[in-house]
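Engineer: what follows is a protein structure lacking sequence information:
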């Protein structure tokens, strides 16, 4: 992947091993973060559903 | 000592890992990968000491072979684990690596047997509560798997079957696996307690403790009866599920526990007959390495003789119907036939094939029995065989 120079021109320089390593690390961290977000969202939905069930059938009936 | 023992002891293969380059348990996660060289040497000596104990009892390798094994275990170079890119300073694992820590195939078996446990007791629990309970049990089982992988990273690295697991392969550190396992253990137990009841939660906590501490940290490296006693951990899920949906433990799930418990020795010893080299390299005292393959075949046969009648107990107890009677009977005969072949054929490639066939069939056998129970009770296919049911239980 070429890196842009000061005026936007392509320098043609290949990324260094450290840059490649950092990019791979960021990619894996993003994947872990997305997976964790999905799991947490699913848990929130599940706990909400369980709470509604445990509160019983009258939970939505509120005296006016 | 039986002269055959020396020959069998000589089969203990060298090649145990050297201390350096083997994944350590990683306290805390930031420590470099190969730091726990001294701990690895300690564990090699502990395992060798266990094998020496069996030699003293006249029931395992000779003292000379054990000494050679110990020498090899502490000095022979280990396969090198890949070096983690530590310059970044953070985790380099992918989400899939953490999933692999949970042993998904074992989790599936746990969920499946727990589901059958829930279904056969025929409780009136709400499906969402049942699903949440099942999920908590599954996550608890996964947490046990992660803790087991954390503790066994050293021996996993030298066994071909397990060398690609996340920790020995360098994708996850020991500390990360420990933190992951502990977090899931606590979370799953608390969730089960809040969703179902605290009897089930306590039982799940005990199951995790039994597998991670009693089996992984103690029995596995100490005795050839490791999988016999430790197998109880894999047999608890139906009982945990029963406790979750009924608040008590019934005879049905006790029978399911007994089926899985007695299934475990023939299953794992058939595997150990085929993979004895792997286990010897890792210093795990599996029965073929300690008592020899002939004694292992005898034990497989004896356990099968006890296991098969227990698989038929659901019939007289009134929760295995006509379909279970037919299928259970057929698989019982098949199991006896395959176990007899393992007992009878002791030499050559045929012996290894017989053990592999038995191992493969044990997986199918357990799955079929539980699948039939699930189908009979969940799909309404149950129909008792009155002549075979005990009075009052039809």
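Structural biologist: Perfect, I can see it now. Being a predicted model, the structure only gives us computed values, none of them experimental. Numbers count the residues shown, from 1 in each chain, chains lettered A, B, ... in the order given.

Engineer: got the residues of chain A near chain B?
Structural biologist: A:18, A:21-22, A:24-25, A:28-29, A:31-32, A:34-36, A:46, A:49-50, A:53-54 (Cβ under 8 Å from any Cβ of the partner chain). The way it works is simple: take the backbone N, C-alpha and C, and place the C-beta from them, glycine included.

Engineer: rerun at 10 Å
Structural biologist: A:17-18, A:21-22, A:24-36, A:38-39, A:42-43, A:46-47, A:49-54 (Cβ under 10 Å from any Cβ of the partner chain).

Engineer: any quick ChimeraX command for the buried ones out of those residues?
Structural biologist: Here is the ChimeraX command that selects the buried residues among the residues of chain A next to chain B (16 or more other Cβ atoms under 10 Å in any protein chain shown):
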select /A:25,28,29,32,46,50,53
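
Engineer: spatially central residue for the chain, please.
Structural biologist: In the absence of a named chain, this looks at chain A. By Cα atoms, centre = their mean, chain A has its centre lying nearest to residue A:34, at 2.6 Å.

Engineer: chain B, not that one
Structural biologist: The centre of chain B sits closest to residue B:231, judged by Cα atoms, centre = their mean, with a distance of 6.0 Å.

Engineer: mind listing what the closest residue to that one other than its chain neighbours touches?
Structural biologist: In space, and not counting its chain neighbours, residue B:231 is closest to residue B:264: 3.1 Å by Cβ to Cβ, 6 or more residues apart in numbering or on different chains. For residue B:264, the contact set (Cβ atoms under 10 Å, 6 or more residues apart in numbering or on different chains) comprises B:227-235, B:303, B:307, B:362, B:366.

Engineer: of those, which belong to helices?
Structural biologist: Applying DSSP state H to these, the entries found in helices are B:227, B:228, B:229, B:230, B:232, B:233, B:234, B:235, B:303, B:307, B:362, B:366.

Engineer: did I read that right, residue B:150 in a helix?
Structural biologist: Yes - assessed by DSSP: H, G, I helix; E, B strand; the rest coil, residue B:150 belongs to a helix.

Engineer: and the nearest residue to it once chain neighbours are set aside, how many neighbours does it have?
Structural biologist: In space, and not counting its chain neighbours, residue B:150 is closest to residue B:177: 4.1 Å by Cβ to Cβ, 6+ apart. A count of nearby residues for residue B:177, using other Cβ atoms under 10 Å in any protein chain shown, gives 29.

Engineer: and residue B:177, how far from residue B:168?
Structural biologist: Look at residue B:177 and residue B:168: by Cβ to Cβ, to the nearest Å, they are 11 Å apart.

Engineer: and residue B:185, helix, strand or coil?
Structural biologist: Applying three-state DSSP: residue B:185 is helix.

Engineer: distance of the residue lying closest to it once chain neighbours are set aside from chain A?
Structural biologist: Nearest non-adjacent residue to residue B:185, counting by Cβ to Cβ, 6+ apart: residue B:143, 4.1 Å away. Per Cβ to the nearest Cβ, to the nearest Å, residue B:143 is found 14 Å from chain A.

Engineer: just residue B:349 next, same as before
Structural biologist: 44 Å.

Engineer: so which residue of chain A comes closest to chain B?
Structural biologist: Residue of chain A nearest chain B, by Cβ to the nearest Cβ: residue A:35 (3.6 Å).

Engineer: quick check, pLDDT for residue 6.
Structural biologist: In the absence of a named chain, this looks at chain A. As predicted, residue A:6 sits at a pLDDT of 51.

Engineer: wrong one, I was asking about chain B
Structural biologist: At residue B:6, the predicted lDDT confidence score is 39.

Engineer: quick one: low-confidence parts of chain A?
Structural biologist: A:1-12, A:64 (pLDDT under 70).

Engineer: on that earlier part again, looking at this, the residue of chain A closest to chain B is in a strand?
Structural biologist: No - judged by three-state DSSP, residue A:35 forms no part of a strand; its state is helix.

Engineer: count of residues packed around residue B:182?
Structural biologist: The burial count for residue B:182: 16, using other Cβ under 10 Å.

Engineer: what distance do you get for it to residue B:189?
Structural biologist: The gap separating residue B:182 from residue B:189 is 11 Å, by Cβ to Cβ.

Engineer: ok, now residue B:273?
Structural biologist: 37 Å.

Engineer: what sits against residue B:354?
Structural biologist: Contacts for residue B:354 (Cβ under 10 Å, 6+ apart) come out as B:270, B:273-274, B:297, B:338-346.

Engineer: mind doing that once more with 8 Å?
Structural biologist: B:338, B:341, B:342, B:345 (Cβ atoms under 8 Å, 6 or more residues apart in numbering or on different chains).

Engineer: wasn't the first one part of a helix?
Structural biologist: Yes - Residue B:338 sits within a helix when classified using three-state DSSP.
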